[in-house]
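J.: Prediction below, plus the sequence it came from.
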Amino acid sequence: MQRSAAFQQLRQGGPEGRQWQRNLATLINHHSMHSFPAMLEAFLGTLCYFDTYMMAVYEKASRPILIHPTNPAEQSHALHKYLNRAFVLDPLFHAIQEGLNPGITRLVEIMPDSFESTEYYRNCYQDFELVDEIDLTVDLEAEVTCAVTLGRKSSLGSITRSELTSLAAFYPIIDALIRQFWLCRGSDYSRDECADDSTQRALNTFASGVLTPREQQITGLILRGFSSSAIASELNIAVGTVKVHRKNIHARLNTSTQSDIFIQFIAHLNFLDASRESRSRPPLADIRGHRGSKRQRKYA
């Protein structure tokens with residue numbers, strides 16, 4: 001992908017001496033332009049190393065709005081899977097829904113204790129090949145949050161303390177510029193007004209009528225990667241009680257593994273998507289009547 005001269009100059013600069021001032025000035029000059037997300041990537045690259053970069057906006061429990069990368073050539077298969085429906089099990093997504101304070105957060109700080117054993121990790125997140133994820137979150141409006149996600153693969157290893165210090169030093173400015181960018185350009189990014197049907201309700205309605213409300217709650221935590229002890233702590237109940245619930249859940253769903261539950265959950269998501277599409281499609285009789293009225297007017 002070809003980059004602008006400004007991008008290349010910024011990416012090659014560093015925070016040493018007065019260079020960081022010039023880098024920051026370049027970023028500020030782009031705060032109201034469509035090029036801002038790419039310029040922010042370059043600026044962050046002068047503060048720390050990373051292999052992947054994503055900028056997305058999370059509005060309530062709807063499907064994330066992808067801000068960057070917009071070039072299909074830069075969008076991996078794993079990213080498409082994430083945006084399609086896997087995000088509903090993402091620890092960051094849930095942390096934002098639960099009121100994550102804006103700032104700099106590493107995934108390891110918010111992910112459940114059994115995250116790497118989840119089907120979400122095995123079927124989606126693992127494909128990103130990351131060993132560390134750093135998220136810069138910014139509150140844009142009520143229930144609207146922007147997340148800038150920096151991913152590091154094994155060749156880089158985990159982020160260093162000095163890199164985190166550099167990010168923290170510039171976070172207040174980055175926060176302000178992202179909010180200004182959203183004020184100027186937020187209306188340019190499409191929102192899926194109906195996506196809430198298949199996301200917010202997904203975990204709440206999964207196995208409704210089959211599981212008890214408490215079992216549904218525990219099933220959602222299992223899918224997100226909570227171990228029995230973590231579930232017990234989250235719900236303030238005994239570990240033994242959680243194990244009994246897990247046994248009953250498997251019996252009621254006719255499952256034996258978390259993978260089996262995950263397959264049923266995906267089927268549930270597909271059902272919600274199909275229901276949403278059928279509600280948005282006009283009845284066939286209305287379509288025929290509309291077309292018939294056109295023919296009558298044409299040949300009247």
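T.: Good, I have the coordinates.
J.: make it CA atoms for all contacts and neighbour counts henceforth
T.: Fine.
J.: Strands along the protein, start to end?
T.: Applying DSSP state E to the chain gives strands spanning 52-59, 65-68, 103-106, 132-141, 144-152.
J.: Parallel or antiparallel, which strands does the longest one pair with?
T.: Think strand 132-141. Partners of strand 132-141 in the sheet, by DSSP bridges, are strand 103-106 (antiparallel), strand 144-152 (antiparallel).
J.: So which of those is the most surrounded?
T.: Most buried of these by mean neighbour count (mean count of other C-alpha atoms under 10 Å) is strand 144-152; its value is a mean of 22.
J.: Show residues contacting that one.
T.: Strand 144-152 has contacts (C-alpha atoms under 8 Å, 6 or more residues apart in numbering) with 49-60, 96, 130-140, 158-159.
J.: so which of the strands of the chain gets nearest S233?
T.: Relative to S233, the nearest member of the strands of the chain by C-alpha to C-alpha is strand 103-106, separated by 21.7 Å.
J.: contact partners of the closest one?
T.: Residues outside strand 103-106 that contact it (C-alpha under 8 Å, 6+ apart): D132, E133, I134, D135, L136, T137, V138, L167, A168, Y171.
J.: Format those residues as JSON lines; extra columns: neighbour count, pLDDT and distance to K153.
T.: Written out in JSON lines, the entries for the contacts of strand 103-106 read as follows (neighbours: other C-alpha atoms under 10 Å; pLDDT from 0 to 100; distance: C-alpha to C-alpha, whole Å):
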{"residue": "D132", "neighbour count": "18", "pLDDT": "98", "distance to K153": "7"}
{"residue": "E133", "neighbour count": "20", "pLDDT": "98", "distance to K153": "9"}
{"residue": "I134", "neighbour count": "22", "pLDDT": "98", "distance to K153": "12"}
{"residue": "D135", "neighbour count": "21", "pLDDT": "98", "distance to K153": "15"}
{"residue": "L136", "neighbour count": "20", "pLDDT": "98", "distance to K153": "18"}
{"residue": "T137", "neighbour count": "25", "pLDDT": "98", "distance to K153": "21"}
{"residue": "V138", "neighbour count": "24", "pLDDT": "98", "distance to K153": "24"}
{"residue": "L167", "neighbour count": "19", "pLDDT": "97", "distance to K153": "19"}
{"residue": "A168", "neighbour count": "16", "pLDDT": "97", "distance to K153": "21"}
{"residue": "Y171", "neighbour count": "17", "pLDDT": "98", "distance to K153": "23"}
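J.: Could you list the domains of this protein?
T.: Residue ranges for the domains of the chain, per automatic domain parsing: 5-188, 196-298.
J.: Out of these, name the one with the poorest average pLDDT.
T.: Among the domains of the chain, domain 196-298 carries the lowest mean pLDDT, a mean of 79.
J.: Work out the gap between that domain and the centre of the chain.
T.: In this view, domain 196-298 has its centroid 19 Å away from the chain centroid, taken as C-alpha atoms, centre = their mean, to the nearest Å.
J.: repeat for stretch 20-39
T.: Relative to where its chain is centred, stretch 20-39 has its mean C-alpha point 24 Å off (C-alpha atoms, centre = their mean).
J.: Over to stretch 44-55?
T.: In terms of C-alpha atoms, centre = their mean, the centre of stretch 44-55 is set 17 Å apart from its chain centre.
J.: same check, this time on stretch 174-184
T.: For stretch 174-184, the gap between its own C-alpha mean and the chain's C-alpha mean amounts to 19 Å (C-alpha atoms, centre = their mean).
J.: thinking again about what came up before, out of the domains of the chain, deepest packed?
T.: Ranked by mean neighbour count, those are led by domain 5-188 with a mean of 17 (mean count of other C-alpha under 10 Å).
J.: For C146, give its distance to L136.
T.: Using C-alpha to C-alpha, to the nearest Å, we find C146 at a distance of 8 Å from L136.
J.: same thing with S62?
T.: Shown here: S62 relative to L136, a distance of 19 Å by C-alpha to C-alpha.
J.: What about the closest residue to N84 other than its chain neighbours? Give its phi and psi, please.
T.: Computed as C-alpha to C-alpha, 6 or more residues apart in numbering, the closest residue to N84 that is not its neighbour in sequence is R63, at 7.8 Å. With angles defined as degrees, to the nearest 10, R63 shows backbone torsions of phi -60, psi 140.
J.: Look up how far Y121 lies from R63.
T.: When distance is defined by C-alpha to C-alpha, R63 is 19 Å away from Y121.
J.: which residues of this protein fall in helices?
T.: Counting by DSSP state H, the chain forms helices over residues 5-12, 19-29, 36-45, 77-84, 91-97, 107-110, 119-123, 161-185, 196-205, 213-224, 228-235, 239-253, 258-280, 284-298, given from the N-terminal end onward.
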